[in-house]
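In: Got a predicted structure plus its sequence, pasted below:
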Amino acid sequence: MAPEEKAPSGGGPYDALLALLRRHKSESEPRLSDVLGLGLARAGQSVVPDFAALFAPAPVIQARWFKDETLRLDGYTFENCRFDRCKLITEMANFTFRNCFISPDCTLYFDGPALKTVRLLVHALRQQGRVQLRPDEEGIAATKNPDGTFTLE
């Protein structure tokens with residue numbers, strides 16, 4: 001994709017999807033348990049989850065060039081996109097990249113179940129001698145116990 005290319009904009013549903021993608025998590029956002037209908041019922045609200053919404057296909061973002069942006073990846077499919085100097089965030093690892101490019105100057109952030117998966121992978125790679133962590137990266141590895149076992153919570 002040439003640097004000059006940009007997907008059309010104009011206030012349509014595509015821009016609304018991008019606004020959701022770029023949002024920052026706040027206390028006013030619903031928790032996952034609320035979305036899944038596992039939270040406590042509030043006055044006049046049902047606790048039955050909207051299964052159609054849960055299993056709806058992921059919104060597709062096509063042919064975009066993201067620069068210097070913070071993006072929450074979960075719940076989206078990216079096709080033919082490029083990412084330069086971006087902060088890419090995932091908690092659930094439920095995203096898709098198809099024919100995309102992520103430049104080495106992007107930073108990846110993991111939290112929740114996605115972080116636990118990364119920590120298990122890093123532990124396995126360290127056990128095999130395939131990766132060594134710098135002292136400032138120790139937080140992404142499972143905890144090594146004195147008896148040779150590990151802990152991952």
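Out: Yep, that arrived.

In: The residue nearest to Phe101 when sequence neighbours are not counted and Thr70: what is the separation?
Out: Nearest in space to Phe101, with sequence neighbours left out and distances taken as Cβ to Cβ, 6 or more residues apart in numbering, is Arg82 at 4.8 Å. C-beta here means a position set from N, CA and C on the backbone, and glycine is covered the same way. To Thr70, Arg82 is 16 Å away according to Cβ to Cβ, to the nearest Å.

In: Which one's more surrounded, those two?
Out: Neighbours per residue (other Cβ atoms under 10 Å) separate Arg82 from Thr70, with Arg82 holding more: 19 against 15.

In: Excluding residues flanking it in the chain, which one is nearest Arg143?
Out: Careful, residue 143 is Thr; it's not Arg. Nearest residue to Thr143 in three dimensions, chain neighbours excluded: Thr151, at 4.4 Å (Cβ to Cβ, 6+ apart).

In: per-residue confidence at that neighbour?
Out: Looking at Thr151, its pLDDT is 94.

In: if I pick the residue nearest to Phe101, what's in contact with it?
Out: If a contact means Cβ atoms under 8 Å, 6 or more residues apart in numbering, then Arg82 has 1, 64-66, 100-101, 103 as its contacts.

In: likewise Thr96?
Out: Counting by Cβ under 8 Å, 6+ apart, the residues that Thr96 touches are 58, 76-78.

In: Sheet-wise, list the partners of the one helix or strand Phe83 maps to with their directions.
Out: Using DSSP states H and E, Phe83 sits within strand 82-84. Using DSSP bridges, the strands paired with strand 82-84 are strand 65-67 (parallel), strand 101-102 (parallel).

In: contacting residues around stretch 131-142?
Out: With Cβ under 8 Å, 6+ apart as the test, stretch 131-142 has contacts from 110, 115, 118-120, 122-123, 125-126, 150-152.

In: want to throw those residues into TSV with neighbour count and secondary structure?
Out: Formatted as TSV, the contacts of stretch 131-142 follow (neighbours: other Cβ atoms under 10 Å; DSSP: H, G, I helix; E, B strand; the rest coil):
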residue	neighbour count	secondary structure
Phe110	17	strand
Leu115	16	helix
Val118	17	helix
Arg119	19	helix
Leu120	14	helix
Val122	17	helix
His123	19	helix
Leu125	14	helix
Arg126	16	helix
Phe150	15	strand
Thr151	9	strand
Leu152	10	coil
